[in-house]
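[1] 3D, please:
(chains A and B)
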Amino acid sequence: MLVYNFAPMKRCIHALAAMPAVVMLIAPLAAQQHSYSPAEVATGKELFTVQCQPCHGPNGDLVAGIDMRKGEFKRVSTDEEISRIILNGVPGTGMPPFSLPEASRAALVAYIRSLHESGARATPAGDPQRGQQIFESKGECLNCHRVDGKGSRKGPDLSDIGAIRNAAALEHSILDPADAIIPQQRMVHAVTKNGTAISGMRLNEDTHTVQLIDDSGRLVSLTKADLREYTLLKTTPMPSYQGKLTPQEVADVVSYLTTLKGLP
Amino acid sequence: MKFLILSLLAAMALPAQVSNDRLLHPDREPQNWLTYSGSYSSQRYSLLDQITPQNVKNLEVQWVFQARSLEKFETTPLVVDGVMYIVEAPNHVFALDAKTGRAFWDYDYRPSRDARPCCGSVNRGVAILGDTLFMGTLDARLLAIDAKSGRPIWKTEIADPKLGYTITHAPLVVKNKVIVGVAGGEYGIRGFVAAYDAATGKEAWKFYTIPGPGEAGHESWSADSWAHGGVPAWLTGSYDPELNLVYWGTGNPGPDFNGDLRPGDNLYSDSAVALDADTGKLKWYFQFTPHDEYDFDAVQIPVLVDGTWKGTPRKMLMWANRNGYFYVLDRATGKFLSGAPFTKLNWSTGLDEAGRPMRNSSAEPNAQGVMVYPNLFGGTNWYSPSYSPRTHLFYIPSWQDSSMTLGKVSGDFSPGQRYMGGTIRPGGAQTKRGAENTPVENTNYGAILAMDPATGQTKWQFKMTDLTASGVLTTASDLLFAGGREGYFYALDARTGAELWKASLGGSEEAAPVTYRVGDKQYVSIAAGHALFTFALRN
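    Purely as a prediction, here's the structure:
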């Protein structure tokens, strides 16, 4: 009879809200104990997308205290322990039991381990200080972005980006921004009936109105009935930095961005 | 003089009790709203016509009732001779002056903490007979309450809440019986619809939605899967007095998403059932989604329409189903007359001549996950539709272009525990959105559809950016009232779908609007967010 919202998502929220702030039993980096075939990893990825991603996120780092790309877990270390926790869940937390056959659990473990490997090699080591310099000068990032009150409001404020995106995702956004655009960052272009053109980033939209922050940083609310033209842009004004920055410079910028955690 | 005094006394006399005769003829008193769906036919069509397409722009708020509960406010009011009865979550009943919103009394029934509703501690309203209100409770009790004082009269235990049974819908009164079904399809219950004596609360009959051993249809379950196969009945039914049949929709078989554990059609899940009102005996059934693995409850309001079908007079049953098809059945026999999709769907490739869906094998749940249209919330859900005998159109509060990735998992049954058999994640735009929404165009949006039952074609659609959980109301002046998750409350032209008026109520409408009259003024009410808003024309 489910008429409510997606239960797994709800469980995630509860799990995050209920997370004790003090005790984080983060196990040391878990070493891979077996080698897995690409087929197992592929099967595991499919399972992960359906079963795990709603709570753990595509990179396995959305649950506090767990970052699968870094091989960080709260309660497990070995492959067998991961497999067991998938089967049994963790009572009293948002982690439910998944009655999956052993082969499926092994495939999931294979994929989770592959996340660790890809996370480890996502970005070469960067220097955050150099990264900040590039971000503010050569990269001209502040022309659109803002960090800790400095810069423009045309694009997303990045003051806490290091708390919500991992290095691989940040690198992807820098090198292929068009592919990384999300609904929360869509730009709109509108023309009112008297000919005034307005561009900005969409903050909120309903059937009759749209709220945005325009290119000069004003909060603007428009009534669609008053518009001659209203376009939700599918592209991003952000250029790709592929070839514009060296791999090391990209790594430096990524390294800088991962330090941005917002207000404590 | 004596005559004058008698006349005055008559005018001041207390309003008559709500007799069965009154319940049978709501058309004689359109100023009232006596049953959950406005009439036994459940058309949600009102004869009131003071508010018209021309003057609807002059609607303004008359009063607002603020709920104390922060649960979803799903109440559909009853209005009886100037008194409105509503329920605030979970089971807090109020009698209000329908003209001012001021309370006459309230009765706060506190359900047991054993109650474990799957999807919100909500209640959708009460039923009335005589001077007695009837309410199903979250802990699976049926309560009779004095409509004049709010004092409880009797309480009957319908089922064990610890096992997942609960009641969230408004009961249906037929003759001297109060009929309710149970929710709990996610907990491995065995569902039923049952009737209780209105005077005593004693059980009169019980229809199990899963046939037991030795009963016809039992073979559609394997082993002991029937014993905890779900099939709840969590929404109010309808009644045809001429045929003496009660129509009820039944819910999903359990576990919801894994049919391997229950091979067969799993009767009478996802079905319309026609029950003898006196005995509860099954007259016929029509199963919309045999062997469901998508949670496509047939828990919608059965809408009864009399008319001609292909030139022949018919007593019809119209049904916009969660599985994405709109159906027309013969309600005397259950015969399938027509069916047509009203939203994007991929789980089925069409309906055969008997109305049975042809399955798309590539959209069956598996362990890896598969993309299914529509998502588990369906093309529509429990949100009340409306049928206007003036426009001959059937109005569906619908979800368009919704999808999910559905993964099948196994799981053992344990009494009172969730028994789902799958995991789900939304496709496209999220189905729950926050204060700021940034929707993806033409994906997972709400729309009110005007369906022509004769052709299965949508005559018009009123599109919203966000989804809808609001019921629909139509009137004799060809107005249509409905809301949506964005909190706009609309008056549309029922013939064209043109927007004539709207008010922003600041919270999702998760209930159905009603209209009534007190004195010479027509009112329209709907719950939105955590308040009930009542409108009328500016003086």
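[2] Can you tell me the SS state at B:Gly446?
    strand (DSSP: H, G, I helix; E, B strand; the rest coil).
[3] for it, what are its contacts?
    B:Pro397, B:Ser398, B:Trp399, B:Gln400, B:Lys463, B:Met464, B:Asp466, B:Leu467, B:Thr468, B:Gly484, B:Arg485 (CB atoms under 8 Å, 6 or more residues apart in numbering or on different chains). C-beta coordinates here come from the backbone N, C-alpha and C atoms, glycine included.
[4] Quick one: buried ones out of those?
    The neighbour count (16 or more other CB atoms under 10 Å in any protein chain shown) marks B:Pro397, B:Ser398, B:Trp399, B:Gln400, B:Met464, B:Asp466, B:Leu467, B:Thr468, B:Gly484, B:Arg485 as buried among those.
[5] ok, so of the residues you listed, who is nearest B:Ala367?
    Nearest to B:Ala367, judged by CB to CB, of the buried ones among the contacts of B:Gly446 is B:Trp399 at 26.6 Å.
[6] beta partners of the closest one?
    B:Gly446 (DSSP bridges).
[7] Next step: the contacts of B:Gly446 restricted to helices.
    Using DSSP state H, no member of the contacts of B:Gly446 falls in helices.
[8] Pick the one among the residues you listed closest to chain A.
    The closest of the contacts of B:Gly446 to chain A turns out to be B:Met464 (CB to the nearest CB; 4.8 Å).
[9] List the contacts of that closest one.
    Contacts of B:Met464 by CB under 8 Å, 6+ apart are A:Thr207, B:Tyr445, B:Gly446, B:Ala447, B:Gly484, B:Arg485, B:Glu486, B:Tyr488.
[10] how about those residues in JSON lines, adding distance to A:Gly94 and pLDDT?
    What follows is the contacts of B:Met464, written out as JSON lines (distance: CB to CB, whole Å; pLDDT from 0 to 100):
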{"residue": "A:Thr207", "distance to A:Gly94": "34", "pLDDT": "94"}
{"residue": "B:Tyr445", "distance to A:Gly94": "29", "pLDDT": "93"}
{"residue": "B:Gly446", "distance to A:Gly94": "29", "pLDDT": "96"}
{"residue": "B:Ala447", "distance to A:Gly94": "34", "pLDDT": "98"}
{"residue": "B:Gly484", "distance to A:Gly94": "30", "pLDDT": "96"}
{"residue": "B:Arg485", "distance to A:Gly94": "25", "pLDDT": "94"}
{"residue": "B:Glu486", "distance to A:Gly94": "29", "pLDDT": "94"}
{"residue": "B:Tyr488", "distance to A:Gly94": "34", "pLDDT": "97"}
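[11] what number of residues lie near the residue nearest to B:Thr496 when sequence neighbours are not counted?
    Leaving aside its sequence neighbours, B:Thr496 sits nearest to B:Trp460 (CB to CB, 6 or more residues apart in numbering or on different chains; 6.3 Å). When neighbours are defined as other CB atoms under 10 Å in any protein chain shown, B:Trp460 has 19 of them.
[12] Report the next helix or strand after the helix or strand hosting B:Trp460 in sequence order.
    Assessed by DSSP states H and E, B:Trp460 sits inside strand B:457-463. Taking DSSP H and E as the definition, the helix or strand that follows strand B:457-463 towards the C-terminus is strand B:472-475.
[13] what's in contact with that next one?
    B:38, B:43-49, B:51, B:383-388, B:391, B:395-397, B:448, B:480-482, B:494, B:512-515, B:524.
[14] again with stretch B:410-418
    With CB under 8 Å, 6+ apart, stretch B:410-418 has contacts from A:99-100, B:116, B:118, B:162-164, B:186-188, B:228, B:255, B:258, B:260-261, B:419-421.
[15] State the number of residues packed around the residue nearest to B:Thr438 when sequence neighbours are not counted.
    Closest residue to B:Thr438 apart from its sequence neighbours, by CB to CB, 6+ apart: A:Pro183 at 4.3 Å. By other CB under 10 Å, the residues close to A:Pro183 number 17.
[16] just the one 4 residues further on next, same as before
    A:Met187 is surrounded by 21 other residues when neighbours are defined as other CB under 10 Å.
[17] Can you verify my assumption that it contacts A:Lys234?
    No: under the criterion of CB atoms under 8 Å, A:Met187 makes no contact with A:Lys234, lying 9.3 Å away.
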